[in-house]
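In: With the sequence up front, the predicted model follows.
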Amino acid sequence: MSPRRASRVPEPLPRDTVSFAHASERQFARLLDFYQIDWEYEPRSFDLELDSDGNAIQRFTPDFYLPAYDLYIEITTLNQKLVTKKNRKVRRLRELYPEIRCKIFYQRDYLSLVTKYGLDDHRQAG
């Protein structure tokens, strides 16, 4: 009689333990996991505008932080009006926090990654 091997349940990948706001974010996390790039999802919010009492009235929370690169990533596959709003927020972030590096991945960047790396079809990401 051979010894019985304990079956191990594989540990969940980081992306399996996060509630993403959009499927495109989950797909991006899959790509990062595949390349073993450590990431954090929405780890920090930045105050962009304060009221007269010093309370934040506008904040920006980038989607991902890549600690090895000290880089924040914002994924946007949205319509042009919302992209313009995000661009404005990133510009303001750079004005107020010049030490913070943040890159926006636009729809064309995202679709290029999806195609290049064989991720799910972008129509399923919406």
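Out: Looks like it came in fine. Numbering: from 1, shown residues only.
In: got the phi/psi numbers for the nearest residue to Y41 once chain neighbours are set aside?
Out: Leaving aside its sequence neighbours, Y41 sits nearest to V18 (CB to CB, 6 or more residues apart in numbering; 4.9 Å). In this view, the C-beta of every residue, glycine as well, is placed from N, C-alpha and C. With angles defined as degrees, to the nearest 10, V18 sits at phi -110, psi 140.
In: Contacts only, for V18.
Out: R26, A29, Y41 (CB atoms under 8 Å, 6 or more residues apart in numbering).
In: Which of the residues you listed scores worst on pLDDT?
Out: Within the set of the contacts of V18, pLDDT is lowest for R26 (88).
In: tally of neighbours for the closest residue to it other than its chain neighbours?
Out: Residue nearest to R26 in three dimensions, not counting chain neighbours: F20, with 4.6 Å by CB to CB, 6+ apart. Using other CB atoms under 10 Å, F20 is surrounded by 16 other residues.
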